[in-house]
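Q: Sequence and predicted structure are below.
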Amino acid sequence: MRTPNVPLSANTPGSPNPPAADAALSVRDLRIAFAGAEAVRGLSFDVRPREVLALVGESGAGKSLTARALLGMTPRGATTTGSIRLHGETDPAAQRGRRISLIPQDALSALSPVHPVGDQLAAAVRSVRRVTRSKARALAVAALDRVGIPDAARRARAYPHEYSGGMRQRAVIAMATVNEPDVVVADEPTTALDAGHRDQVLRVLGEQRAAVGAALVLVTHDMDVVREHADRILVLYAGRLAELGPAREVLARPRAPYTAGLLASLPQYVPPGRRRLPVLPGTPPTPSALPPGCAFAPRCPLAAAVCHRVEPVPQPVEGRLVSCHRWADVPHPASDVFREPTRA
Ligand SMILES: Nc1ncnc2c1ncn2[C@@H]1O[C@H](COP(=O)(O)OP(=O)(O)OP(=O)(O)O)[C@@H](O)[C@H]1O
């Protein structure tokens, strides 16, 4: 394993896969380590202009770390290397709030409790644009109105705790889109909400990011959200790319056994008459105790000797990228991968 000691730079020397010229965002060889143990291990992908890219994987896969790295927001103690380019700019932190913005899981963490919501939005506008206070205020009220906050001019004067959970999350969407960024990163934006608010918030998020022409990187556990909202899906396992491709195609026919395993526990992805997994057997490895070879091999019913020796790299398969030695042997329907007891 490479020791991550190279700072986050414009390009990764020797990268065989240079940043795509037309991408809204290009990530190359992203590595995030804590005390020498890599939690994100050489991730490369592009976010295309205006697309919705879903980041999925089990807990601990590295979704949040990756999402936050896109904004230059990795936690204290993390060593981050690789390159992140946002329309040619190489310092993601400097672009935060301008060309890239974050919608976190918990809206309260994105809003200050001590300032009215409208003031916070107006301050976000003035941090980027040279406009008068009253113009910023008008833009703030208009942004709240666009996300469906009723009586926006009055509500702009209210504090976050005076908003309902769904309204707070919509205010955060207004904040994240008010400066018309190129990329919005949403980290499980609906986890804290009930089903009714979830759909409403996702609809508003979709409308707003389409209106400003932003791409959306959407971290989610919910495959129905992926199916309904994502153009492409990036499946992460133990900090690596397991599969990346068009969402509908990947959901219809996964090529990585890990993707198949994630779907095999969901009734809507298992054909009638086939067995559904209650959960994917076993647990993912921790960054400090990775097995040799493919990190998924100990849980994979298709694993062969090579899988326990050699870590697979992403390779192009049918218009997607798949990291698996056995991708050609993944059956259809893919839930059949997990018909036999696993060795986990
Ligand atoms: N602050 C930290 N200090 C040490 N290790 C960390 C820290 N944050 C994350 N990690 C490590 O990185 C791994 C990936 O974390 P991350 O939050 O990206 O997972 P995730 O895929 O978003 O999971 P979840 O779905 O539970 O949010 C964790 O399992 C943990 O081992």
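A: Nice, I can see it.

Q: Now the stretch 151-300 of the chain against the ligand: closest residue?
A: Closest residue of the stretch 151-300 of the chain to the ligand, Cβ to the nearest ligand atom: residue 287 (4.9 Å). Every residue, glycine included, has its C-beta placed from N, CA and C.

Q: Looking at that residue now. What's its pLDDT?
A: Looking at residue 287, its pLDDT reads 96.

Q: What segments of the chain are strands?
A: 25-34, 37-47, 52-56, 78-86, 100-103, 183-187, 215-219, 232-237, 240-246, 315-317, 320-322 (DSSP state E).

Q: is it possible to export these to JSON lines including distance to the ligand, mean neighbour count and mean pLDDT?
A: Formatted as JSON lines, the strands of the chain follow (distance: least, Cβ to the nearest ligand atom, whole Å; neighbours: other Cβ atoms under 10 Å; pLDDT from 0 to 100):
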{"stretch": "strand 25-34", "distance to the ligand": "4", "mean neighbour count": "23", "mean pLDDT": "96"}
{"stretch": "strand 37-47", "distance to the ligand": "3", "mean neighbour count": "22", "mean pLDDT": "97"}
{"stretch": "strand 52-56", "distance to the ligand": "8", "mean neighbour count": "26", "mean pLDDT": "97"}
{"stretch": "strand 78-86", "distance to the ligand": "7", "mean neighbour count": "22", "mean pLDDT": "95"}
{"stretch": "strand 100-103", "distance to the ligand": "14", "mean neighbour count": "26", "mean pLDDT": "94"}
{"stretch": "strand 183-187", "distance to the ligand": "8", "mean neighbour count": "26", "mean pLDDT": "96"}
{"stretch": "strand 215-219", "distance to the ligand": "7", "mean neighbour count": "26", "mean pLDDT": "97"}
{"stretch": "strand 232-237", "distance to the ligand": "7", "mean neighbour count": "25", "mean pLDDT": "98"}
{"stretch": "strand 240-246", "distance to the ligand": "12", "mean neighbour count": "24", "mean pLDDT": "98"}
{"stretch": "strand 315-317", "distance to the ligand": "23", "mean neighbour count": "12", "mean pLDDT": "96"}
{"stretch": "strand 320-322", "distance to the ligand": "19", "mean neighbour count": "22", "mean pLDDT": "98"}
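
Q: Tell me where the model's unsure across the stretch 1-150 of the chain.
A: Low-confidence segments of the stretch 1-150 of the chain (pLDDT under 70): 1-21.

Q: Any residues of it in contact with the ligand? List them.
A: 34, 39, 57, 59-65, 75, 77 (Cβ under 6 Å from any ligand atom).
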